[in-house]
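Participant: okay, structure incoming, though there's no sequence with it:
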């Protein structure tokens, strides 16, 4: 009679964070409550010292700072974490917490203390990812913390920078020059006075490239999109960096195309409609489709084809290899005895 070699029963799961002292869990809960209080309710910042860190961020995410897209960051971060949820669950099941995570927690707490003393909410906001990342490292280990590194520190892009508006001056000049030369390609002759473009033959009113037309707002939003895009892309690290940094030239080119379209419509169509309705909607209808299409083209060049087709082939190869390896494993386990 043939007998099969019995397999060893699966032992208890190892690697999970099982604190020896329940006081650690209590301390973790109390720490979470403290973070929520100091970041969400403690009034310390703004000119009248009446806003918390989150309150200040919510007020700073506006059109004047060109960070209107800041309200999207929590949802994008949550989406990135959900995207890696399967990997996070596997990492948490096969790793264990480390007290080294408390070093990052200490750094985050020190940054908040500095911001509390200097009344600088940006420092506290910059320290929040350290607090969360260190806590995850402490509770679930390095593998979980490694996966969460980008989603958590991605929050830094949502913190408005001081004196950020000074960058709009250079972008205004670039947008004015590109729009002037771009209009000539479509047969619209213009002349430039500072950041104002005047018609040579048309009867439309001179249009000024204001700070809102500089492209800085679109650039910051596109940086958020390109960073998240690069994170989920299945390409090499250097290719991810190029995909992220491509947001800068794409934003400049896309904004120049948008401004040029305003002058072309003003010359050949309704100047009032071009300066009002099309000016307000051209970003959504022209800039973002154009920029996202170029991001897709660049991503496809790195992938060697459309990303979703390459991902489908990659999943198919993975399934075939797994089934084959399982079959070989069964052949090794079930060996007939004489």
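Facilitator: Looks like it came in fine. Note that the structure is predicted; figures quoted are calculated from it, not measured.

Participant: now do the contacts for residue 142.
Facilitator: By CB atoms under 8 Å, 6 or more residues apart in numbering, the contact set of residue 142 is 95, 98. (Each C-beta comes from the backbone N, C-alpha and C, glycine too.)

Participant: what segments of the stretch 51-200 of the chain are helices?
Facilitator: 53-60, 73-83, 85-93, 101-118, 121-140, 142-153, 167-185 (DSSP state H, counting those that start in this stretch).

Participant: looking at those, which one is packed in the most?
Facilitator: Of all those, helix 121-140 carries the top mean neighbour count, a mean of 22, counting by mean count of other CB atoms under 10 Å.

Participant: what helices and strands are in contact with it?
Facilitator: Where contact means 3 or more CB pairs under 8 Å, 6 or more residues apart in numbering; DSSP states H and E, helix 121-140 is packed against helix 23-40, helix 53-60, helix 101-118, helix 142-153.

Participant: nearest to residue 269, out of those helices?
Facilitator: helix 53-60 (38.2 Å; CB to CB).

Participant: contacts for that closest one?
Facilitator: With contact meaning CB under 8 Å, 6+ apart, helix 53-60 is reached by 38-40, 42-46, 51, 67, 70-71, 115, 121, 124-125, 128, 158-160.

Participant: possible to save the helices and strands packed on helix 121-140 as CSV with mean pLDDT?
Facilitator: Below are these laid out as CSV (pLDDT from 0 to 100):
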stretch, mean pLDDT
helix 23-40, 84
helix 53-60, 92
helix 101-118, 94
helix 142-153, 95
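
Participant: these: which one's closest to residue 285?
Facilitator: Between the helices and strands packed on helix 121-140, helix 53-60 lies closest to residue 285; by CB to CB that is 27.7 Å.

Participant: so the closest one versus helix 23-40, what angle?
Facilitator: Angle, helix 53-60 to helix 23-40, by axes from the mean of the first three to the mean of the last three CA atoms, to 10 degrees: 30 degrees.

Participant: below-threshold pLDDT in the stretch 201-338 of the chain: ranges please.
Facilitator: 211-214, 310-338 (pLDDT under 70).

Participant: can you rerun that using 80?
Facilitator: Along the stretch 201-338 of the chain, segments meeting pLDDT under 80 span 202-203, 208-216, 308-338.

Participant: which one of the helices of the stretch 51-200 of the chain lies nearest to residue 270?
Facilitator: For these, proximity to residue 270 was assessed by CB to CB; helix 167-185 is nearest, at 16.6 Å.

Participant: sorry, back to before: figure out which of the helices and strands packed on helix 121-140 is closest to residue 249.
Facilitator: Proximity to residue 249, assessed across the helices and strands packed on helix 121-140 by CB to CB, is greatest for helix 142-153 (22.8 Å).

Participant: one step back: let me have the helices and strands packed on helix 121-140 in CSV, extended by distance to residue 94.
Facilitator: Converted to CSV, the helices and strands packed on helix 121-140 look like this (distance: least, CB to CB, whole Å):
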stretch, distance to residue 94
helix 23-40, 20
helix 53-60, 34
helix 101-118, 17
helix 142-153, 7
